[in-house]
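Chemist: I'd like to go over a predicted model; first the sequence, then the structure.
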Amino acid sequence: MYSEDENWPYSVLGLDQAPDDLKSIKRAYAHKLKTIDQSTQAEDFQNLRTAFDAAKQFLTYNLAAKADEANETNGQRTDAGNVAPFLPLDHKSDQPSTTALVEQLQDAPSPSAPTPPLELNTLEELPVAGNKFLLDDAKCIAPKTLLDLEEKILKLPRDKNGVAFLLDLLNSAIMEDPQARPRVEAAIYAYMQKCLTVDAEDHPKFRLFINDEILEAIELQFNWQSDILSLQRKFWDAGDLVAALVYKSTLYQEEAEDENETQFELDPVGKAVTKLALIPFLVMVLSKFTPTGSAITDALDSLFAYSSKIVAAIAVLYLTYRVTLLGWNVVKNILKYVMPSMFPQKSWSDIFSYQTLGLFQIYLLSIYLALPEGMDAKKHAFSGMILLLIFMVGFSIFWLILSLVLNKGKALYHFARSFFKS
Amino acid sequence: MPHIGIDLGTTNSLISVFENGEPHLIKNSVGTYLTPSIVSLEKDTLLTGDLAKARMVTHPLETAAVFKRTMGADKAYKLGKKQFTAVELSAAVLRSLKEDAQNELKAEISDVVISVPAYFNELQRKAVRSAAKMAGLNPERLINEPTAAALAYGFQSLEEESSFLVFDLGGGTFDVSIMEVFEGVMEVKATSGDAYLGGEDFTAALISDLTTKLSPKQQKKPNLEALTKLAEQVKHGLSEKDSVHINLDTPNLTLDHHISRKDFEELATKLTTRLRRPIDRAMYDSGLSADELEKVILVGGATRMPLIRSLVAKHLRQFPESHIDPDHAVALGAAVQAGLIGKNEALKDVVMTDVSAFTLGIETSREFGNNHRAGYYLPLIERNSVVPVSREETIYPVHPQQTKLEIRVFQGEAPDVASNIFLGKLEVELPRQVDQDLNPATVRFTYDVSGLLEVDVTTHADDKSHSLLIKNLAGEMSDKEISDRLTQLEKLKVHPREDAHNVLLRARIEQCYAMARLGDREQIGEMLHAFDTILTTQNISEISKLSEQISEHLNMFEASYVQ
């Protein structure tokens, strides 16, 4: 569409040719804009706007090209075409000095001789109190010192000490220096890039020593976590870092969910079974306190016999149900390991739940306690307990070996995490 | 039909009209421009503005303030025995503003332009619209507060070409906008802000500091209303003097404390750090450097604080100006916008272009090794794009056998969708294809001047398109609901305009009575008695004479406990 029109974008603006000053572009745009109703002619407005932005950009290119040409013919190279991205750190420039501004604003009685703004020339000169940098409003860092600081950040050890240094830096007054800010940000970005690793599923994440505190401090100063646009515009290769930041926030959510599960979750049937198991136990205790041989004791004894059988029956049914469920979970999780694409979003720690096994032990124990001596079911419950224990230990060892062999220790970490959590 | 603009503020609200080629503010029933956004219920009578504000200290349980922050949320405010939502309370304020304007202009008012914080999301904007309808107004357009503030200033300097930054720190919100004026075009280049930062937060910082200075017994159950008033007075005092001395001794508030500007600055360090970020963001988005800005204009009552002025000066290396009364700019700008929409003769050759204040995008998955992870934000319309705007992006299914695409639409700046605001979703059936790479879809976002978003999805393989207009969000009220609430609200009486002055003065005496030391109490009690007696005579000249005397006394009294 546009490419068919040789005179685009100028034709849209109503111009015959490329103008050589910004003013005529703006005037042409303003003239056209006044003929458009933005709320009803959205498309016309967009075309005009695109043309306006393009014309402005072309003008910048043309001017820069012309300046280059002129320089080449003169045989001199100057930086006239380039605009410095930041103000030079020179207090003798036209900009009013910060100190003077602040003093006038606050109407404070000015000191007899205003102290000249201090330039710090070496890193060692940065005023320090405790382990905090101090910097007065009036002070700025000299370009040389800033270079040293950048270099220092890039060479920081990738461990707790490095992070501690960054934390102090981020909380210091250096961050109030408008020249220092973007450069410190870029240096910290480079440092953080080096602190990336991947998890068991190749998802980028930060190394362990990158703690919440440092991420919060970075967020407070530079908004990385809350402003994806500026992060991406400032650093074109931020993809993995963004992923790690997202990973961090989703990890919190997963952990919060995990915590909910840890609170000994029983389904309604399980709750009923544990309560029912109490009945024969209470009956047994009661019969101990009634005088032997009385009618009450007899009644209690027979009640105990019946109730314990019923409870044992329900518990066995329930156990079968849970074991099937557990079996399916184990199968599913092994499948998940074999075919990760089928279950893309689960973490390794789901493979085996020690809580479930622990729960079984408790069921078996309650059945064992509830049943009278000499019953077959009691023996079965006991052997069940022992078997389950052996299974748990055996599975742990199997799992450890599996993870060591298959996953080079990554799963070991997850296993340890889930183990210590439960 | 007059062109009306309304600034529905967190602390104060204003109404203005564009006539005779200029925006003008309209006075309220007690003769001031600022109507406090406070509502109080006295038996069955609904009081708003200054009348309600004066009851803050004496009847805290029947009074609600700072409700703008919960616009669009479900929070209920209890006034005595009745419950109100922020929308209803705002409607009450809007209704009183409407009456003030009708009284002054002697004309019926319906179409209005209302200003909202730039960071208000769709839900909150809908809530403001509902409040306006409930007040019997037709919200013709909502204008972003920073845009309105910039318009007010831009309108004054239409003749010269310039770029300027408007720093608007109001009671509850903080906005920054950068505008360029050329050839009769007022172009908003960037806006930014913090929806939860304002003068009230500085007051809150003072309150929490003052609370620590109370006796342990009073700390347990501090008289918050009295403390708030005190903190506000300290804040205002510090705007004029280097330090303030508080000496207060009432049954539930005993305080003898000294605060200097430096102390206040320290208390507010966290808040001032937060102020810097939106400035940086707006500057960055506008592509301007600090020395390309010709002016920095301060707007909003909270910019009277010297610490704000010095922060802006330090950060932008420029003296800030405040030509227009910082409290008035937004309302004046809203009236200019009303004039622009109404094609007022004086604005025939003037246009304004605005930008979208936030980024709009969808949720996507990213591939890592063999895995996909969802939850990544893909921005489509970047913040500070000139509106109306339309942008598109091509997306691919994750899995070869995928049969559906779920397009989840979000608003916000965070890289993970979970931290952004969910606006709505659209499910699209995918045609069968061998490979997911052969099955792309195009998502197009269209965002218009009134802030409505339209989402279009086209699947390439079968060329079908689906669309979703983001509206009817949860929390939005239907017209019937609005009229139902309106009739309920109308059952409540509104205080007659004529004796608003007297009611205000009486409430103020009561307020001072509550704050006074024992000796002063007696005197103020007598004042109240004398005032009541003279009110019954209905002799207007006598009443006004006594009113003047009493207000003078009260001024002296109020000045004595914050020195």
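Modeler: It's in. Residues are numbered from 1 along each chain as shown, chains lettered A, B, ... in the order given.
Chemist: number of nearby residues for A:Met284?
Modeler: Close neighbours of A:Met284, defined as other Cβ atoms under 10 Å in any protein chain shown, add up to 18. To be clear about C-beta, it is placed using only N, CA and C from the backbone, and glycine gets the same treatment.
Chemist: Also B:Val113?
Modeler: Neighbourhood size, B:Val113 [other Cβ under 10 Å]: 27.
Chemist: Could you do B:Gly184 as well?
Modeler: B:Gly184 has 18 neighbouring residues, counting by other Cβ under 10 Å.
Chemist: Quick check, pLDDT for it.
Modeler: Here, the pLDDT recorded for B:Gly184 equals 89.
Chemist: residues in contact with it?
Modeler: Under the criterion of Cβ atoms under 8 Å, 6 or more residues apart in numbering or on different chains, the neighbours of B:Gly184 are A:Ala30, A:Lys34, B:Leu158, B:Asp349, B:Val350, B:Val351.
Chemist: Let's see that with 6 Å instead.
Modeler: Neighbouring residues of B:Gly184 by Cβ atoms under 6 Å, 6 or more residues apart in numbering or on different chains: A:Ala30, B:Asp349, B:Val350.
Chemist: Could I get the phi/psi values of it?
Modeler: phi 80, psi 10 (degrees, to the nearest 10).
Chemist: again with the one 4 residues further on
Modeler: Note on B:Val188: backbone dihedrals following degrees, to the nearest 10 are phi -80, psi 120.
Chemist: wait, isn't it in contact with B:Glu145?
Modeler: No. With contact defined as Cβ atoms under 6 Å, B:Val188 does not reach B:Glu145; the gap is 11.8 Å.
Chemist: I'd like to know the average pLDDT value across stretch B:137-144.
Modeler: 90.
Chemist: Find out how far that stretch is from the centre of the chain, if you would.
Modeler: 14 Å (Cα atoms, centre = their mean, to the nearest Å).
Chemist: quick one: contacts of that stretch?
Modeler: Counting by Cβ under 6 Å, 6+ apart, B:110-116, B:118, B:125, B:129, B:132, B:334, B:337, B:341, B:357 sit against stretch B:137-144.
Chemist: out of these, which is most surrounded?
Modeler: B:Ala334 (35 neighbours).
Chemist: any idea how far that one lies from chain A?
Modeler: Distance, B:Ala334 to chain A, by Cβ to the nearest Cβ, to the nearest Å: 17 Å.
Chemist: secondary structure element for that residue?
Modeler: Per DSSP states H and E, B:Ala334 falls inside helix B:329-341.
Chemist: Residue 229: neighbouring residues, count only.
Modeler: Unless you meant another one, I'm taking chain A. 20.
Chemist: I was after chain B.
Modeler: Neighbour tally, B:Lys229, other Cβ under 10 Å: 20.
Chemist: Disregarding residues adjacent in the polypeptide, which is nearest to it?
Modeler: Excluding the flanking residues, the one nearest B:Lys229 by Cβ to Cβ, 6 or more residues apart in numbering or on different chains is B:Val57, at 5.9 Å.
Chemist: Report the separation between the residue of the stretch 151-300 of chain B found nearest chain A and A:Leu33.
Modeler: Nearest residue of the stretch 151-300 of chain B to chain A: B:Glu183, at 3.5 Å (Cβ to the nearest Cβ). B:Glu183 sits at a distance of 9 Å from A:Leu33 (criterion: Cβ to Cβ, to the nearest Å).
Chemist: report the longest helix in chain B, please.
Modeler: helix B:540-561 (DSSP state H).
Chemist: can you list the domain ranges for chain A.
Modeler: Using automatic domain parsing, the domains assigned to chain A come out as A:1-85, A:117-259, A:264-421.
Chemist: pLDDT of the one helix or strand B:Asp168 maps to, averaged?
Modeler: Per DSSP H and E, B:Asp168 falls inside strand B:162-169. Mean pLDDT, strand B:162-169: 91.
Chemist: That one - which strands sit beside it in the sheet, and in what orientation?
Modeler: Applying DSSP bridges to the sheet, strand B:162-169 is found paired with strand B:174-182 (antiparallel), strand B:295-299 (parallel).
Chemist: Surely B:Asn28 is in contact with B:Thr35?
Modeler: Yes. Contact criterion Cβ under 6 Å: B:Asn28 and B:Thr35 qualify, at 4.7 Å.
Chemist: Common neighbours of these two, please.
Modeler: Shared contacts of B:Asn28 and B:Thr35, counting by Cβ under 6 Å, 6+ apart, come down to B:Gly49.
Chemist: how about the residues of the stretch 151-300 of chain A near chain B?
Modeler: With Cβ under 6 Å from any Cβ of the partner chain as the criterion, the stretch 151-300 of chain A meets chain B at residues A:201-203, A:223, A:226-230, A:242, A:245-246, A:249-250.
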